[in-house]
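Asks: Sequence and predicted structure are below.
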Amino acid sequence: MKNTTGTDRSVTRNWRPATKAVRAGTWRSEHGETSEALFLTSGYSYDDAATVAARFAGEAEGMTYSRLQNPTVAMAEERIAMLEGADGCRMQASGMAAMTTALLCQLEAGDHVVAARAAFGSCRWLVDNLLPKFGIATTVIDARDNDAWERAIRPETRVFFFETPANPTMDVADLTHICALAKAHGITTVVDNAFATSALQRPMEFGADVVAYSATKLMDGQGRVLAGAVCGSEEWIAETLLPFQRNTGPNCSPFNAWLVLKGLETLELRAHRQSANSLRVAAAIEGRVDRMLHPGLPSHPQHDLAARQMGAFGPIFSFVVDGRERAHAILDALQLVDISNNIGDSKSLMCHPASTTHAGLSDEARAEMGVAEGMLRINIGLEDPEDVIEDLDRALAAAGL
Ligand SMILES: *Cc1c(COP(=O)(O)O)cnc(C)c1O
């Protein structure tokens, strides 16, 4: 396998994002295939015993077992790292495998984590239920409040964990402030960047240490696979992430990694087109709903901050109507937009977080996070936005709005 981009990445690193998206991390076999090859193999064979011994001793490069390395997965990891501007990346089986790995690989009993209270439901579950079970204390705060981060720090605080924009409230966290504060206290920042992806926001440019992904969302972008990824420095990957990942096995299958790898080729295009479509749709219905939560609209309280740290505002927004009944009535009247709790897809999808993605949380946690009973979250796809606007127009009218 030849890495056509130069093994030291000196060539790849200087490419602009659109070029990296289609070419970074392309390794070619002796056949010279143009599209990256799919290596569905669990193991590898060796010419002689000394070769495999050297690989296991870490003295020679080469694959030994697909829980440790796989060529297709490695290509996708290199492409994600290059797009992120990270030293390295390792892929996992899902976004939640990525989040769990990113946290557990560096934490131990007695440590403390500060996390944003507005988060993807399962991310909150990790913070509220899993970490405390292993003796790791957690504090959840309003991520929009810069001072709240500082107030929550304890001598044993090891990690800040948050997403921005957050699911589904669209809270925006100040990356520059939070990452600088973490650095000053020797705390590692773990940023869940699923809503934006590297096409729209690169947290490491603002000082983030670790960027974690659900690649299921915009990265695949076509609703085909579950996958996750964690990006970090070379040292952190080698010394902190890999010992955990290699021995616990949250790995991404080569097939799923291959689909994400090919999805990345159109990530820039999709992320920007879907962002533009999303803004148009949100602006068109803003006057019809009680509250519109779109970081790209001037009505969003943190619009200026979002504009400073994002290249575009992403495909997702939320809005609030007066209660669950009205929200469900809107969903039931949709003809084009699907009722679905996925996001990042090229198809427009809408869901009611309080009865789906965030149903597992307590009423108090939902209220504290701002997940209202009348909140709907929508992912705007690649359809003609006028068709989506017409569908929403009809659905809102059918629900009496
Ligand atoms: C979907 C999502 C996850 C979980 O990813 P899966 O691939 O579904 O496991 C984590 N964080 C955010 C922000 C998400 O949107």
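Replies: Arrived safely.

Asks: At which residues are the strands of the stretch 201-350 of the chain located?
Replies: Shown for the stretch 201-350 of the chain, the strands assigned by DSSP state E, counting those that start in this stretch span residues 210-214, 228-232, 291-293, 316-320, 338-339, 349-351.

Asks: what's the average pLDDT for the fourth one?
Replies: Per-region confidence: strand 316-320 scores 98 on mean pLDDT.

Asks: centroid residue for this structure?
Replies: For the chain, the residue sitting closest to the mean C-alpha position, by Cα atoms, centre = their mean, is Ala194 at 2.1 Å.

Asks: which parts of the stretch 251-400 of the chain sit against the ligand?
Replies: Within the stretch 251-400 of the chain, the positions near the ligand by Cβ under 6 Å from any ligand atom are Ile343. Just so you know, the C-beta spots here come from the backbone N, C-alpha and C atoms, and that holds for glycine as well.

Asks: List the contacts of the residue of the stretch 251-400 of the chain found nearest the ligand.
Replies: Nearest residue of the stretch 251-400 of the chain to the ligand, counting by Cβ to the nearest ligand atom: Ile343, 5.8 Å away. Ile343 makes contacts with Asn167, Ala194, Phe195, Lys217, Leu218, Pro315, Ile316, Leu349, Arg377, Asn379, as judged by Cβ atoms under 8 Å, 6 or more residues apart in numbering.

Asks: same check, this time on Pro353
Replies: By Cβ under 8 Å, 6+ apart, the neighbours of Pro353 are Gly121, Asn167, Pro168, Ser318, Val371, Met375, Leu376, Arg377.

Asks: and those, which of them are in helices?
Replies: The members of these that map onto helices under DSSP state H are Gly121.

Asks: State the mean pLDDT of stretch 188-204.
Replies: The model assigns stretch 188-204 a mean pLDDT of 97.

Asks: ok, now stretch 264-273?
Replies: Rounded mean pLDDT across stretch 264-273 is 97.

Asks: Okay, buried residues for that stretch please.
Replies: For stretch 264-273, a neighbour-count test (16 or more other Cβ atoms under 10 Å) marks Leu264, Glu265, Thr266, Leu267, Glu268, Arg270, Ala271, His272, Arg273 as buried.

Asks: now swap in stretch 197-217 and tell me
Replies: 197-204, 206-217.

Asks: Run through the protein and note the low-pLDDT ranges.
Replies: The model of the chain has pLDDT under 70 over residues 1-8.

Asks: Kindly indicate which of the buried residues of stretch 264-273 lies nearest Arg23.
Replies: Nearest to Arg23 among the buried residues of stretch 264-273: Glu265, at 8.9 Å, using Cβ to Cβ.

Asks: show me the contacts for the closest one.
Replies: Glu265 neighbours (Cβ under 8 Å, 6+ apart): Ala21, Val22.

Asks: rewinding a little: which residue, other than its chain neighbours, is closest to the residue nearest to the centre of the chain?
Replies: Excluding the flanking residues, the one nearest Ala194 by Cβ to Cβ, 6 or more residues apart in numbering is Ser214, at 4.3 Å.

Asks: What separation is there between that neighbour and the ligand?
Replies: To the ligand, Ser214 is 3 Å away according to Cβ to the nearest ligand atom, to the nearest Å.

Asks: Need the three-state assignment for Phe195.
Replies: Classification of Phe195 using DSSP: H, G, I helix; E, B strand; the rest coil returns coil.

Asks: The longest strand along the chain vs the ligand: in contact?
Replies: In the chain, assigned by DSSP state E, the strand with the most residues is strand 157-163. Yes: residues of strand 157-163 contacting the ligand under Cβ under 6 Å from any ligand atom: Glu163.

Asks: Domains in this structure, by residue range?
Replies: 2-265, 267-398 (automatic domain parsing).

Asks: Pull up the distance across the last one, start to finish.
Replies: Going back to what we said before, that points to domain 267-398. 35 Å (Cα to Cα, to the nearest Å).

Asks: residues contacting the closest residue to Val73 other than its chain neighbours?
Replies: Nearest residue to Val73, sequence neighbours excluded (Cβ to Cβ, 6+ apart): Ala257, at 4.3 Å. By Cβ under 8 Å, 6+ apart, Ala257 lies in contact with Asn70, Thr72, Val73, Met75, Ala76, Glu77, Met91, Ala227.

Asks: Narrow those residues to those in strands?
Replies: Those of the contacts of Ala257 lying in strands (DSSP E): Met91.

Asks: Please convert the contacts of Ala257 to CSV, extending it with distance to Ala116 and neighbour count.
Replies: Formatted as CSV, the contacts of Ala257 follow (distance: Cβ to Cβ, whole Å; neighbours: other Cβ atoms under 10 Å):
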residue, distance to Ala116, neighbour count
Asn70, 33, 24
Thr72, 34, 24
Val73, 30, 24
Met75, 32, 24
Ala76, 28, 29
Glu77, 26, 26
Met91, 24, 29
Ala227, 23, 30
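
Asks: where along the stretch 301-401 of the chain do the helices fall?
Replies: Ranges of helices within the stretch 301-401 of the chain are 303-309, 324-332, 363-369, 385-398, based on DSSP state H, counting those that start in this stretch.

Asks: among those helices, which is nearest Asp47?
Replies: Of all those, helix 303-309 comes closest under Cβ to Cβ, at 50.4 Å.

Asks: what's in contact with stretch 194-203?
Replies: By Cβ under 8 Å, 6+ apart, stretch 194-203 touches 17, 80, 83-85, 95, 120, 163-167, 175, 179, 189, 191, 193, 211, 213-214, 217-219, 267-268, 271-272, 275, 309-314, 316, 343-344.

Asks: and that stretch, anywhere near the ligand?
Replies: Yes: against the ligand, stretch 194-203 shows contacts by Cβ under 6 Å from any ligand atom at Ala194, Phe195.

Asks: Thanks again, I'm all set now.
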